[in-house]
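**Student:** No letters, just coordinates:
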């Protein structure tokens, strides 16, 4: 029988992992959509409007899943982690409050106009609404990442009787890891959305869609991916250096360094062994980890032995990090190869299209792996140096947590299957629609909330 | 920086205000979901179109209300939601299901549409029932007694009826013809149940809680508070007369039942808030005991003063954009 603590952790991990899938797409997809709409306003080319109309529907569905899965989060803090708010609520609270007040209402308020109001407001107001929705999603990421980063690298507070009180809000929001984490996550969202758009567009082309819109969106998505993938590797490296400075035990777990040493090799693969405090089956490149992290061949890196009883479990952090980096390199390669071929030949060969379809949701896996690195890497702390996960847990009966966990898991599996199925159904439906000049007729065949005219 | 007692009052008022707005706004869209006729495709499309542009923003008031409880009264938040752990889980799952059904029904394969319609209806109903149940448990002070559970079940149906009532009134305003006539019928039935529910709660609440009794029945309080139940009663009567007369020529006064319902919601909520103030957990914790640090609340209050009026402006703008009858509300 699992304990309440473990069940709560699994439940929180399940909720937040499921939730993050959708914002990761919508944060950047909203900017894609704004771009399509803006280009349509600029050029009047119908192809931009078609691109907009297909992707805005995908956006609406994804956004809805993000909104509703996010509501669960605001309840969980209190139910499963009561000591979290009781200890650091004075800091976490206002950051969450600002997220709701400045971002959630903004998104939700203008989403209605964006989705349903295109014929009820002027084109200018409508485009402005798409811009505000995009801005709102980004603002939401700003606040929530400020809070998450503060939990990783807290500052600007003081402890009085075991409770954290704010001293300097600027220091709290712009804590040491925040700028890196924010940019890293925004680019991750950009890459996720780019591969998502590229994958679905490629799927439509493979299904015999010979319209202009999917070709256009494929090209744009690949351009964005080609630019963002190398940027992400650069930013990720800077984020790593920042982590080395503030959370060296996390780096030691990521790199599988058990004992402090100089000239550390970069491990491409290994099987970390927590009991023996060593790695098996190591494949590494000599001295490279030292070069990356200290910019010196013989740079010294602290090992896990320096943080006994105060470091995260090694294996999940170690593997998740390799999955993230491996996918990042794969995304870079495939983006450049595809974009290069598109540039030289003006079309993509079938195998590349198929590969892009496989890569449709690669951003999800990379993003989740990245979050597992940073969140598991923070253990055993919930707020570094202030509150451990164990101390924050609830005393609710394990049966209740177990029951709610099972319900959530069933729900998430059903929704994920329905989501994926619907996305591809929408793509196929878009293939079947004839290219008609009359936009109204295009709409009615799409078959949405059409109501009877009276 | 503001003084802590002022801050507690301000944030308790803000939270109460968000809960009230949530009950009215998500109330009507949950109500429309509960009333969704599964057999009539055209009507269900019109009904869903009538709430399409609003439901997301409506639900945000719940996030704000729960958020304010979490932020301003963290101890109360843990206390309340630990007591209501399972009903909360059911509420959340229902809200998730109905939220996604809204989009899936329009976008999934056509053959799946009736299924998603059903999910939307059941999700809306379960969300309303669990909210009513939670309200009942809250009023009963989270007791583990048979009386508390029975009262909470009663309250669950009461809230579902109240949401159906305000949802039906919303439809009277937004729909025409056959559907409008149907909505008037729905409003009459659910309004009747809602009326009985309000009376039941009004009697039970002071009877089980002596402090509440003291508040309502001590001179001169009684005289000052008397207009609230009287006005509420008058509004029910007014609403009944209006519903009997509708639809009128040129659809005159189609908005009256909705306005009456909003006012009824307001008065009932005021009655509840008056009964329990300054307790945030009935008989256990007051807002003064549970308030967060003044430096945190001050920091948030400055933003609130600026942002909330802006939220009102663009919410009003959104309602103005979609003003009037539902007609061919397109999704793109």
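**Tutor:** Happy to help now that I have it. Treat the numbers as computed from the prediction; the structure is a model and nothing was measured. Numbers count the residues shown, from 1 in each chain, chains lettered A, B, ... in the order given.
**Student:** What pLDDT does the model give the residue nearest to residue B:55 when sequence neighbours are not counted?
**Tutor:** Spatial nearest neighbour of residue B:55, excluding adjacent residues (C-beta to C-beta, 6 or more residues apart in numbering or on different chains): residue B:29 at 4.6 Å. Any C-beta I mention is one placed from the backbone N, CA and C, and that applies to glycine too. Here, the pLDDT recorded for residue B:29 equals 91.
**Student:** again with residue B:184
**Tutor:** Reading off the model, residue B:184 has pLDDT 91.
**Student:** so who does it touch?
**Tutor:** Residue B:184 sits next to B:168, B:172, B:243, B:246, B:247 when contact means C-beta atoms under 8 Å, 6 or more residues apart in numbering or on different chains.
**Student:** Same question for residue A:323.
**Tutor:** By C-beta under 8 Å, 6+ apart, the contact set of residue A:323 is A:365, A:366, A:369.
**Student:** number of nearby residues for the second one?
**Tutor:** It refers to residue A:366. Applying other C-beta atoms under 10 Å in any protein chain shown, we find 24 residues neighbouring residue A:366.
**Student:** Not counting sequence-adjacent ones, nearest residue to it?
**Tutor:** Residue nearest to residue A:366 in three dimensions, not counting chain neighbours: residue A:327, with 4.1 Å by C-beta to C-beta, 6+ apart.
**Student:** which among the contacts of residue B:184 are in contact with chain A?
**Tutor:** Contacts with chain A within the contacts of residue B:184, counted by C-beta under 8 Å from any C-beta of the partner chain: none were found.
**Student:** Which of those residues fall within helices?
**Tutor:** B:168, B:172, B:243 (DSSP state H).
**Student:** residues in contact with the residue of the stretch 101-250 of chain A found nearest chain B?
**Tutor:** For the stretch 101-250 of chain A and chain B, the shortest gap (C-beta to the nearest C-beta) falls at residue A:112, measuring 3.1 Å. Applying C-beta under 8 Å, 6+ apart to residue A:112 gives the contacts B:52, B:53, B:54, B:56, B:57, B:318, B:321, B:322.
**Student:** repeat that with 6 Å
**Tutor:** B:53, B:318 (C-beta atoms under 6 Å, 6 or more residues apart in numbering or on different chains).
**Student:** That one falls within a strand, correct?
**Tutor:** No - applying DSSP: H, G, I helix; E, B strand; the rest coil, one finds residue A:112 to be helix, outside a strand.
**Student:** what's the spacing between residue A:335 and residue A:355?
**Tutor:** With distances taken as C-beta to C-beta, to the nearest Å, residue A:335 is found 11 Å from residue A:355.
**Student:** That should have said residue B:134, apologies.
**Tutor:** Where residue A:355 is concerned, residue B:134 sits at a distance of 50 Å (C-beta to C-beta).
**Student:** Also residue A:112?
**Tutor:** With C-beta to C-beta as the criterion, residue A:112 and residue A:355 are 38 Å apart.
**Student:** Off-centre distance for the helix or strand containing residue A:337?
**Tutor:** Following DSSP states H and E, one finds residue A:337 within helix A:314-345. Centre-to-centre, helix A:314-345 and its host chain are 16 Å apart (C-alpha atoms, centre = their mean, to the nearest Å).
**Student:** That one: which residues count as buried?
**Tutor:** Neighbour-count burial for helix A:314-345, counted by 16 or more other C-beta atoms under 10 Å in any protein chain shown, picks out A:314-325, A:327-328, A:331-332, A:334-335, A:338-339, A:342.
**Student:** mean confidence for it?
**Tutor:** Helix A:314-345 comes out at a mean pLDDT of 91.
**Student:** what residues does the next helix or strand after that helix touch?
**Tutor:** Where DSSP H and E defines the elements, the next helix or strand beyond helix A:314-345 is helix A:350-358. The contact list for helix A:350-358 (C-beta under 6 Å, 6+ apart) reads A:198, A:199, A:202, A:203, A:205, A:206, A:338.
**Student:** Repeat that for stretch A:214-231.
**Tutor:** A:47, A:51, A:187, A:190-191, A:194, A:197-198, A:201, A:204-205, A:331-332, A:335-336, A:338-339.
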